[in-house]
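Peer 1: I would like the atomic coordinates for the input below:
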Amino acid sequence: MQTVKNNYVESYRRFEEERDDLDKKIEKRYEDIARAERSIERLNKKKSELDYPNWVESLVKPIAEKFAEDFGLSYNIYGPFGIRSYVTIYWMEDKEVSIVEQPVKLLTLEPFDLEKEQLYYETGRKRENISYPLNSIGAMNGMDREILPLPDSFDEIRKLIRSSSE
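Peer 2: Residues are numbered from 1 along each chain as shown. As a prediction, this is how the structure comes out:
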């Protein structure tokens, strides 16, 4: 009977050793998970602190500055406004005077699909066969206005700039 008892005790000792070894491996994996979770938190924090590129600063402002220099005028950028997120650049003689009280040059731009480099401009015309009821979301957001792709050339863009006297 002593042999049977000894076999049991030996089996139990091996069981405890194997269980302890597995517990150590499990604990190591939990430490790996905790380390990975801390790393993920740091990466998420870095990600949340990334500066999203501002299309008005990066795309619209250089256009405004280029033509302000060419025209010898000051400029203001108004917007983005509405569902279309359109902005209008106004070039004027005096920034201290309201744009409705002086002649201005203007260009309205819309971020059509910036990931595909598609910046559009408003032509100043209404879209054919499109109308929205007065005070509807579509009417208030200019969804009936014609927009076309903005050319890549400053010379071509210059031709699109309208004057308030038009």
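
Peer 1: quick check: closest non-adjacent residue to residue 137.
Peer 2: Of all residues not flanking residue 137 in the chain, residue 83 sits nearest, at 7.2 Å (Cβ to Cβ, 6 or more residues apart in numbering). For glycine as for every other residue, the C-beta is placed from the backbone atoms N, C-alpha and C.

Peer 1: what's the pLDDT at the one you found?
Peer 2: As predicted, residue 83 sits at a pLDDT of 90.

Peer 1: distance of the most centrally placed residue in the chain from residue 58?
Peer 2: Centroid check for the chain by Cα atoms, centre = their mean gives residue 52 as the closest residue, at 5.6 Å. Distance of residue 52 to residue 58, given as Cβ to Cβ, to the nearest Å: 11 Å.

Peer 1: what's the answer for residue 41, then?
Peer 2: Distance from residue 41 to residue 58, by Cβ to Cβ: 30 Å.

Peer 1: what do you get for residue 107?
Peer 2: 16 Å.

Peer 1: who's more crowded, those two?
Peer 2: residue 107 (22 against 10; other Cβ atoms under 10 Å).

Peer 1: wait, isn't the more buried one in contact with residue 63?
Peer 2: Yes - here residue 107 reaches residue 63: they are 7.3 Å apart, a contact under Cβ atoms under 8 Å.

Peer 1: tell me how far residue 52 lies from residue 41.
Peer 2: Distance, residue 52 to residue 41, using Cβ to Cβ: 21 Å.

Peer 1: where do the contact lists of residue 107 and residue 63 overlap?
Peer 2: 89, 157 (Cβ atoms under 8 Å, 6 or more residues apart in numbering).

Peer 1: can you name the next helix or strand after the helix or strand residue 46 falls within?
Peer 2: For residue 46, the enclosing helix or strand under DSSP states H and E is helix 2-48. Counting by DSSP H and E, the element after helix 2-48 in chain order, helix or strand, is helix 55.
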